[in-house]
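Undergrad: sharing a sequence plus its predicted fold:
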Number of protein chains: 2
Amino acid sequence: MRRGKLLYAQSGGVTAVINATAAAVIETARAHGVKVYAARNGILGALREDLIDTSRETRATIAALDHTPGGAFGSCRYKLKSPEENPAEYKRLMDVLRAHDIRGFLYNGGNDSADTALKLSRLGREYGHELTCIGVPKTVDNDLTITDCCPGFGSVARYTALSVREASLDVASMSETSTKVFILEVMGRHAGWIAAAAGLAGEEADAPPHVILFPERSFEPEAFLARVKATVKRVGYCTVVASEGIRDAAGRLLSDTGTRDAFGHAQLGGVAPMLAQLVKERLDLKVHWAVPDYLQRSARHAASATDLAQAQAVGKAAVEYALKGMNAVMPVIVRERDAPYRWSIAPAPLARVANREKKMPARFLRRDGFGITSAARRYLAPLIHGEAAAPLGRDGLPVHAKLKMIAVGRKLPPWKAG
Amino acid sequence: MRRGKLLYAQSGGVTAVINATAAAVIETARAHGVKVYAARNGILGALREDLIDTSRETRATIAALDHTPGGAFGSCRYKLKSPEENPAEYKRLMDVLRAHDIRGFLYNGGNDSADTALKLSRLGREYGHELTCIGVPKTVDNDLTITDCCPGFGSVARYTALSVREASLDVASMSETSTKVFILEVMGRHAGWIAAAAGLAGEEADAPPHVILFPERSFEPEAFLARVKATVKRVGYCTVVASEGIRDAAGRLLSDTGTRDAFGHAQLGGVAPMLAQLVKERLDLKVHWAVPDYLQRSARHAASATDLAQAQAVGKAAVEYALKGMNAVMPVIVRERDAPYRWSIAPAPLARVANREKKMPARFLRRDGFGITSAARRYLAPLIHGEAAAPLGRDGLPVHAKLKMIAVGRKLPPWKAG
């Protein structure tokens, strides 16, 4: 790219390791003598010219981002319309980029963000401001195409498998006189990747989880209840993992609260208590349920070392691609080998990632629909490998980065949303 | 005590470190050349003569109990009636103990179990079978009297503080366009110890958690909503931690499902979604909620090193007390100093522990009722210190003990419950 600055922005739901990507972006750019601005609260900060000068942060603070969950510079759910529908937003973005001599834009998000980066990548020439746009992958949902997996997913997968294994030991030990059925609700709007990862908790026959409910299969109450009942009879208890996105035979979400977020996605939650009620009423068994919600995607203390390494690698590659002027690409993870696991990073065209969604392959779901296949295990197993260390502070809890967040001086009039 | 065997039994809700107590019991007894039987599924196993010979387990397996959550020998919720109400149960227990030459009974549980151990301790002479009964403390609820804290509590406290800190970073980073209020429901039927521990997540003004709801204070919806609203306005978001046991002004549990367990305790759950609904309806703010349920008390991967050490210490002391014939006592934790934290183990009479409940001191609750005082911090801080290592297996997840669980040959006719 032309000499100039880089702008880094975080988008959408954050993860346990998105800040490790940010750290790699900043450290790699520093090594090349390039300054990085970060947009506060994602693309909104770019529109508002609310930019943070990362060069004002110490090396130690940036390094501490590696073990800080959440989005350190702020993220947002805000989807730009198309340049045809809302040209003012794109013009404003280009005005901000030009005003600060930003020649590379790194957008760290999912498929919506890849779409925004792609649209922006086509406007540089038109606006007379040469610009390199890079999408940087991130999503616990693991639903981006092309890339073998998504940074953020490995850690939530590890947290889920770990939690199922631990909680099932608890349930098993008391099942004779207490809880017989334990239901864990996990994230995953349209794809059951996180639910599938729960399957890594155990491989032997009758090891938990005993039932996994995927959004890829319609929920059949009778088959579910029969499976739970038979498991309790045979094993003594039953651990169920349910994706938040499970639907009935008519395609309706089991738990649609009726509200929608800025991207038009339905807001979910509460599948576990619904299933618990069903089990209690129909099978008369004592049930407990858990909904870890944000705990699962912010559990940096239990993050996967593999996931952390990949989050760092895509950040580093994104800067390298930007500096080479490789416009409209995303660094993706390429799997070289399952075992021993080998992976590398390669550029993929944003056009092939934007607005697409990777579903779980049918061969990953067991024929009965309640578990994962050995093919799924081969795919998932390496992603949860290793425990990524997080240093402890004097209070015995993990230490997190505290950024100064020094704003760059404004050069433009305030932005007024269209 | 007279030469003979020890019987160890786990009781009630299990914890992340109760098996570390079991390991210490077995290892200490082995060092003294004494055999330990474990009752399968707690006192039920003792009644049924369903005993496990721990001498058949390898040293490595017993050591692995240190990092295995749940109750390895099985636990149960089963409260014996008094010897006057159900003499047959006590006679059966004494028959089993006598048949296997068991001279020491170690009951690892809460205040109900201390009561059972106390009642049994008085029967040895009457039944002509000299017996030493020891209560071994365990409960995530931290509600036993005399002891400064309860093994199991430090780890759930650490998990809770850690989860609040991590999840709040997630919420904070997206609060402008997404969730404004995050509600975490934690365990604690009658005492808000676990809720209080959440307060360790942050100490600075406006650090999360911003609102803690304790069972010690009646829930006042208007005051709660006003506090949440003001926090969101000032901080941008609000993290709420709610004890499962919060009650309204009339003393009714906010979320009583109407069922009761074997001890007559109400079965709880679902306070968080109720509060979420209230916030959504009244304040029109986007809310998320989490209920980690069993995840919090089985999270051995995040256990407190202090808690682990105390769980081991009470197990070791219990065997030493038994061998000395110190009947009807419980090894308790004595705090010598807050900082640097120093503690020791001392015997306490079971009569002073049985069926009593330690409430949180009023001086631990902030006057406004929504947070903890510095006195509470001084008490709680050392209990969550250190991360207790848990070795990882080839699959990248923690390894847990796999016991052979070899049963002792029966010498008596089957037990028929009265």
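TA: Received, thanks.
Undergrad: and the pLDDT for residue A:189?
TA: At residue A:189, the model reports a pLDDT of 81.
Undergrad: check residue A:256 too.
TA: 67.
Undergrad: which regions of the stretch 201-350 of chain A sit below the pLDDT cut-off?
TA: Applying pLDDT under 70 to the stretch 201-350 of chain A picks out residues A:256-269.
Undergrad: if you set the cut-off to 80 instead, what comes out?
TA: A:255-269 (pLDDT under 80).
Undergrad: so which residues of it form strands?
TA: A:211-213, A:238-243, A:256-260, A:266-268, A:287-290, A:329-337, A:342-349 (DSSP state E, counting those that start in this stretch).
Undergrad: what lines up beside the fifth one in the sheet?
TA: Translated: strand A:287-290. Sheet pairing here is set by DSSP bridges, and for strand A:287-290 it gives strand A:181-186 (parallel).
Undergrad: and the stretch 51-200 of chain A, which residues reach chain B?
TA: A:68-78, A:158, A:161-163, A:165-174, A:176-179, A:182, A:184, A:200 (C-beta under 8 Å from any C-beta of the partner chain). In short, each C-beta sits where N, CA and C put it, glycine included.
Undergrad: and the strands of the stretch 201-350 of chain A as a markdown table, adding mean neighbour count?
TA: Formatted as a markdown table, the strands of the stretch 201-350 of chain A follow (neighbours: other C-beta atoms under 10 Å in any protein chain shown):
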| stretch | mean neighbour count |
| --- | --- |
| strand A:211-213 | 25 |
| strand A:238-243 | 29 |
| strand A:256-260 | 11 |
| strand A:266-268 | 18 |
| strand A:287-290 | 24 |
| strand A:329-337 | 20 |
| strand A:342-349 | 15 |
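Undergrad: redo those strands as a markdown table? Include distance to residue A:109.
TA: Formatted as a markdown table, the strands of the stretch 201-350 of chain A follow (distance: least, C-beta to C-beta, whole Å):
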| stretch | distance to residue A:109 |
| --- | --- |
| strand A:211-213 | 28 |
| strand A:238-243 | 22 |
| strand A:256-260 | 19 |
| strand A:266-268 | 19 |
| strand A:287-290 | 28 |
| strand A:329-337 | 10 |
| strand A:342-349 | 15 |
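Undergrad: nearest approach to residue A:307 belongs to which of these?
TA: Checking the strands of the stretch 201-350 of chain A against residue A:307 by C-beta to C-beta gives strand A:329-337 as the closest, at 10.2 Å.
Undergrad: packing partners for the closest one?
TA: strand A:132-137, helix A:305-323, strand A:342-349 (3 or more C-beta pairs under 8 Å, 6 or more residues apart in numbering or on different chains; DSSP states H and E).
Undergrad: and with 6 Å instead?
TA: Packing partners of strand A:329-337 (3 or more C-beta pairs under 6 Å, 6 or more residues apart in numbering or on different chains; DSSP states H and E): helix A:305-323, strand A:342-349.
Undergrad: and the contacts of the longest one?
TA: Helix A:305-323 is contacted from outside by A:1, A:17, A:20-21, A:24-25, A:28-29, A:104, A:106, A:132, A:134, A:136-137, A:151, A:154-155, A:329, A:331, A:333, A:345, A:347, A:383, A:385-386, A:388, using C-beta atoms under 6 Å, 6 or more residues apart in numbering or on different chains.
Undergrad: ok, stretch A:238-250 next?
TA: Here stretch A:238-250 has contacts from A:168, A:181-185, A:187-190, A:192, A:195, A:198, A:208-215, A:218-219, A:228, A:231-232, A:253-254, A:268, A:271, A:275, using C-beta under 6 Å, 6+ apart.
Undergrad: deepest in the core, which of the helices and strands packed on strand A:329-337 is it.
TA: helix A:305-323 (a mean of 24; mean count of other C-beta atoms under 10 Å in any protein chain shown).
Undergrad: so that helix versus strand A:329-337, what angle?
TA: Here the directions of helix A:305-323 and strand A:329-337 differ by 140 degrees (axes from the mean of the first three to the mean of the last three C-alpha atoms, to 10 degrees).
Undergrad: burial count for the closest residue to residue A:127 other than its chain neighbours?
TA: Among residues not flanking residue A:127 along the chain, residue A:94 sits closest, at 4.2 Å (C-beta to C-beta, 6 or more residues apart in numbering or on different chains). Residues contacting residue A:94 under the criterion other C-beta atoms under 10 Å in any protein chain shown number 19.
Undergrad: looking at chain A, which residue ends up farthest from its center?
TA: residue A:177 (38.7 Å; C-alpha atoms, centre = their mean).
Undergrad: could I get the contacting residues of it?
TA: Residue A:177 sits next to B:76, B:77, B:78 when contact means C-beta under 6 Å, 6+ apart.
Undergrad: what does residue A:24 give?
TA: A:312, A:315, A:316.
Undergrad: residue A:76 now?
TA: Here residue A:76 is in contact with A:41, A:42, A:44, B:176, B:177 (criterion: C-beta under 6 Å, 6+ apart).
Undergrad: give the buried subset of the residues you listed as a ChimeraX selection command.
TA: ChimeraX command restricting these to the buried ones, with burial defined by 16 or more other C-beta atoms under 10 Å in any protein chain shown:
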select /A:41,42,44 /B:176,177
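Undergrad: can you name the residue of the stretch 101-250 of chain A nearest chain B?
TA: residue A:169 (3.2 Å; C-beta to the nearest C-beta).
Undergrad: run through who's touching the helix or strand encompassing residue A:106.
TA: Secondary structure from DSSP states H and E places residue A:106 in strand A:102-109. The contact list for strand A:102-109 (C-beta under 6 Å, 6+ apart) reads A:1-2, A:4-12, A:21, A:25, A:113, A:117, A:132-136, A:138, A:318, A:322.
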